[in-house]
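Novice: let's see this in three dimensions:
(chains A and B)
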Amino acid sequence: MEKRYDPKLIEQKWYDFWTQNGTFHGDSSAGGDPYCIMIPPPNVTGILHMGHALNNTIQDILVRWRKMQGRNVVWMPGTDHAGIATQNVVERALRNEGKSREDLGRDAFIDRVWEWKEEYGSTITRQLRSLGCACDWERERFTMDEGLSDAVTEVFVRLFEKGLIYRAHYIINWCPRCHTALSDEESEHQDLDAHLYYIRYPVLDAQGNADGHIVVATTRPETLLGDVAVAVNPNDDRYADLDSKQIMLPVLNRQLQVIRDEFVDPEFGTGIVKVTPAHDPNDFEMGQRHDLTPINVMNGNGTMNEEAGPYNGIDRFECRKKIMAQLEDEGLVEKVEPHKHAVGHCYRCDTVVEPRLSPQWFVKMQPLAEPAIEAVNSGKVEFVPGRWTKVYLEWMENIRDWCISRQIWWGHRIPIFYCDACDHVWASKTQPESCPECNETKIRQDEDVLDTWFSSWLWPFSTFGWPQNTDDLKFYYPTHDLVTASEIIFFWVARMIMAGYEFIGDIPFQTVYIHGTVRDDTGRKMSKSLGNSIDPLSIIEEFSADALRFSLMMITATGQDVFLSNDKFEIGRNFGTKIWNAARFMQMHTEKTDIPCRFDRELTCNPERLAPDDIYILSRLDKAIAVCNENLQKYRFNDVAHELYEFIWHQFCDWYVEYAKDVLYGDDADRRAQVLGVMHHVFSQAMRLLHPVMPFITEELWHAMQYGDADDSIMLADWPSTQEKLPGVDLDEKLVRYVDDKHDLIRMGRALKSDYNIQAATETNYVLKPATEEATQLIQADINALKSALRAGSITIDTDASPRGMASAVGRLGTMYMDLAGVIDLDAERQRLSEQINKLSADIQRADKKLGNENFVTRAPADVVERQKALRAEMAEKHDKLQQQVATLSQA
RNA sequence: GGGGGAUUAGCUCAGUUGGCUAGAGCACUUGCUUGACAUGCAAGGGGUCACAGGUUCAAGUCCUGUAUCUCCCA
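Specialist: Sure thing, here's the model as predicted:
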């Protein structure tokens, strides 16, 4: 083994090994107990960021753990075609060539997008590989694949024929830059510091003479060009006489209707609002209630249209400025106030979304939502952490229809056909030759494509070949865990549950694990525009993929947001180095012997000759296994990481390996074999426990230690279980407790040296007065281990010891004296002991107070009271002994 | 406006059904080129658990309110 661990080559090597050996592939015909995870398909234009790294590390942990448990595992990978984002990317490239998509035409443009996809579309899946993801790449899918596209068409036609897909002229979110409709979820609200403009609308009396004005408050003055009415609350008696007046629209001098509608908040502005049904969703609804005809004053690109009169052709924001200037000139501006309000932004390009009245296709969601609500209410689908249940239900119970049409070219074209002859509109899975009603051949397909999520919501079954009822679908569906971030609950999770019920009649997955958002160390979301992203690939380059993964798990509390900075990844790197060196140590000693290394398969040891420290580490291993198992089941990955860190670093390396040195450098060949046997057994189990989190280094060491055959993988090794007791080995509780106490004793002995400024390497002499007969025997049998741990010159066991002039410390096993060769500072030692005594006195008092409380003794559970009593007794004993020490000192 | 989360050591965070003397990593102090590892070892210091009430034998933990930060929805 190399002295330094060099992860780069090793990680590449093992990833190739796994993929070449089909380690990640699952096969339904092999049967067994299925376990399936669907990757949240990343955007095909995407590059790996820390959110992906966190998301996929968690999935990989689950997948590798289940695989080792012997489940028939599939982790389904793939990407989505990201209609708007991908089209944007390709259009940008075209623009650099001085062309537009219209120049190319639809078919040529789509060819061009496919070319782009072939060339650049595998960036993120390649990056997932360097993270170590055990995806079943043979199954990789893309939402525009033939099979998945077939599923999309099938679903559209079914829903259309069921009456759940309809076309309507409705106000939707429109991105003027991407030039398409968006769903409500794709319009992200951001609070903006803006203004509330108070504008005077002239009033004429019944005779048509000027009669003052009314004041309306608006955040968007440019839309007044599309006003058709003003509205007041019916209970607002300030404006009772408004009906007898004519309200005139400034600029265009159009007479406006006056309507009364409950929607108007009398507290907002002046209590009068302008009504612009074509440019505001609330106004649109008011318009419908009052039978108003909307006037659209804008073009699709965000400029004003001919309805805007003098402002025709001007950009909407420019128009706002100009119109305010004109109103100012005409004395029609009452005042302008600062105003904070939420404004929708396009989730793909961050342009301010424009509410736009246009014909679009919608899915009627309420009927689909009902079983999906029930699935979560009944616990068939479970959110972890559970608080997300409420978020999901809240959205589902107030679900709104889903706008699925997009005015772009890249995507699944809507399978709707129109007959110009008879106006028949129908959906068809195949390209029809003629109108089914009138047989006319002059038919045309809808120009729009579907929302990308309209294919993503089918992902859990379309990837398995649905609508065909394939063997894979039957075997792996419903899948088990879905791992994603909270941002995607509405976009994707909720819709998948609805699709699962609607098209398969069953849930798509059992558990939805929602992890936190990755933030920078000041708590801001990582984003390209803020420039605060940490690139996972540069972290992998600098620290290794294992380090990235382990560090993320160490610092990511279940479901909480993660605050990251570069130096946090040192945790994982240092841990990897530690493990590497422990393995080197073991190999070094194993090479010197002729014993085989494969202790994990069969621990060939003589139980009679196992020392307390051997028993102890085996017992701690059992505990580590139990803790890991429990926390994996509970999706508490940071607890798993912490336990592995504690066990491998502190229990194994700090205590057991240190203990083992004495034996391994000693001359008892039989004991050497025992210790090496235990060591390899523990290490091989630890590597398995760690494998899901740090797959590369564990695979490397699995082979370096020859725990498996050359063509074997740790990923196929058995997952550790506490049930597998070692033959003939009794993990005697008494011995385990003894070693715990011995560790205390060692710490105390070292602290004595440290307190007296004696270098650790100086071989001082100790006298030990055991507390009990049992302790005497245990220590006597174990004296060499104690001696070497303390680097003692000698340890004299003396049950009657009462030495003078020595520094002392009291532990459960007994009292430890350190010989200071007559140079003890009595005052300092007295001081040292008094401090301990004082602290103990305070603790004893506190315990007495509790135990003296009648209510505590009678009402608290018996075991709590017992524990308190035992603790008190222990403290009192130690207290007495310390006082004796002080007394002995004084006699000197 | 509605809902969620957070507030514990200098920093980042654990602390699960209330029950030890509140823990970890990093940072800090002191000592150590000890035969796997200085990406390390050993020994330390450091906390009024945001604030105010309440429930309880017992509150970091449960309840109410307040403050600050943060996210989602409208």
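Novice: and the residue lying farthest from the centre of chain A, how close does it get to residue A:247?
Specialist: Within chain A, residue A:207 marks the point farthest from the mean C-alpha position, 68.1 Å out by C-alpha atoms, centre = their mean. Counting by C-beta to C-beta, to the nearest Å, the separation of residue A:207 from residue A:247 is 15 Å. Bear in mind the C-beta positions are built from the backbone N, C-alpha and C, glycine included.
Novice: you'd agree residue A:392 is up against residue A:493?
Specialist: Yes. Using C-beta atoms under 8 Å, residue A:392 makes contact with residue A:493 at a distance of 7.3 Å.
Novice: those two: who's more crowded?
Specialist: residue A:493 (25 against 22; other C-beta atoms under 10 Å).
Novice: my guess is that one meets residue A:482, correct?
Specialist: Yes. If you go by C-beta under 8 Å, residue A:493 and residue A:482 touch, sitting 6.7 Å apart.
Novice: any common contacting residues for the two?
Specialist: The contact sets of residue A:493 and residue A:482 overlap at residue A:512 (C-beta atoms under 8 Å, 6 or more residues apart in numbering).
Novice: which stretches of the stretch 451-600 of chain A have low pLDDT?
Specialist: Applying pLDDT under 70 to the stretch 451-600 of chain A flags residues A:519-533, A:557-565, A:594-600.
Novice: show me where it has helices.
Specialist: Using DSSP state H, counting those that start in this stretch, the helices found in the stretch 451-600 of chain A span residues A:453-456, A:459-462, A:471-476, A:495-499, A:536-543, A:545-555, A:570-591.
Novice: just checking, what packs against the third one?
Specialist: Counting contacts by 3 or more C-beta pairs under 8 Å, 6 or more residues apart in numbering; DSSP states H and E, the secondary-structure elements packed against helix A:471-476 are strand A:34-38, strand A:72-76.
Novice: send me the following helix or strand past the first one as CSV with only the CA atoms.
Specialist: In other words, strand A:34-38. Counting by DSSP states H and E, the next helix or strand C-terminal to strand A:34-38 is helix A:50-68. Output in CSV follows, covering the C-alpha atoms of helix A:50-68 (Å, rounded to 0.1, in the frame of the first residue of the first chain):
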residue,chain,number,x,y,z
MET,A,50,-24.0,20.8,-4.4
GLY,A,51,-27.7,20.2,-4.2
HIS,A,52,-27.3,17.4,-6.7
ALA,A,53,-24.3,16.1,-4.7
LEU,A,54,-26.4,16.0,-1.5
ASN,A,55,-29.4,14.5,-3.2
ASN,A,56,-27.5,11.8,-5.0
THR,A,57,-25.2,10.9,-2.1
ILE,A,58,-28.3,10.1,-0.1
GLN,A,59,-29.7,8.0,-2.8
ASP,A,60,-26.4,6.2,-3.3
ILE,A,61,-26.2,5.4,0.4
LEU,A,62,-29.7,3.9,0.3
VAL,A,63,-29.0,2.0,-2.9
ARG,A,64,-25.7,0.5,-1.8
TRP,A,65,-27.0,-0.4,1.7
ARG,A,66,-30.0,-2.2,0.2
LYS,A,67,-27.8,-3.9,-2.3
MET,A,68,-25.6,-5.2,0.5
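Novice: next one: helix A:50-68 to chain centre, how far?
Specialist: Its chain's C-alpha centre and that of helix A:50-68 lie 10 Å apart, by C-alpha atoms, centre = their mean, to the nearest Å.
Novice: domains of chain A?
Specialist: The record's domain parsing of chain A by automatic domain parsing lists A:180-355, A:576-731, A:735-891.
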